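Asker: Okay, sequence plus prediction incoming.
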Amino acid sequence: MICQVKRVQGMALITTLCVSTVLLVLGVAFLTFLERDYRFAATQSRNQEALYLAMSGIEYAKSRPDLVQRGAAAVKRQVPQANPNRYFQVEVLGDGSLRSTGVVHSGLVYIQKVLIVRPGDSPRRFVETGL
């Protein structure tokens, strides 16, 4: 009878170690999934921000045609004004197309979206490049 009790006690220790190992592996897998999801969401947010900055450049060119002209240097505006990591740059190309570039720097990540409005098109109709 004493031999059976000792065997059961040893089995409980092995079962506990196996369950603990499985829970540890599941926890690490879950944390890896959360980290990957967080990185993806942050990248999507920066992409959207760069697109909105490029769209802001188009609106800026509509409101300030005196500053954005063919042959002139590109106009660069930081948003907010003191932040060098987020800006748009607007220029008129040789064929009369308007090119607006939205840029977001965040740590080691550099995201750029370029929107081009062709002459005669509505500013709401643009071609997105640099995907």
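Answerer: Structure's in. What do you need?
Asker: Give the next helix or strand downstream of the helix or strand that contains G27.
Answerer: Applying DSSP states H and E as the criterion places G27 in helix 2-63. Tracing the chain C-terminally past helix 2-63 and defining elements by DSSP H and E, one meets strand 75-78 next.
Asker: Strand partners (parallel or antiparallel) of that next one?
Answerer: For strand 75-78, the paired strands and their directions (DSSP bridges) are strand 86-92 (antiparallel).
Asker: As CSV, could you dump the C-alpha coordinates of the strand it pairs with?
Answerer: Backbone C-alpha positions of strand 86-92 (Å, rounded to 0.1, in the frame of the first residue of the first chain) are rendered in CSV as follows:
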residue,chain,number,x,y,z
ARG,A,86,5.5,64.9,-39.5
TYR,A,87,5.2,67.1,-42.6
PHE,A,88,3.8,67.5,-46.1
GLN,A,89,5.6,68.8,-49.1
VAL,A,90,3.8,70.2,-52.2
GLU,A,91,5.1,71.0,-55.6
VAL,A,92,3.8,71.5,-59.1
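Asker: Give me the contacts around that strand.
Answerer: Strand 86-92 is touched from outside by 49, 53-54, 56-58, 60-61, 68-80, 98-105, with contacts defined as Cβ atoms under 8 Å, 6 or more residues apart in numbering. To be clear about C-beta, it is placed using only N, CA and C from the backbone, and glycine gets the same treatment.
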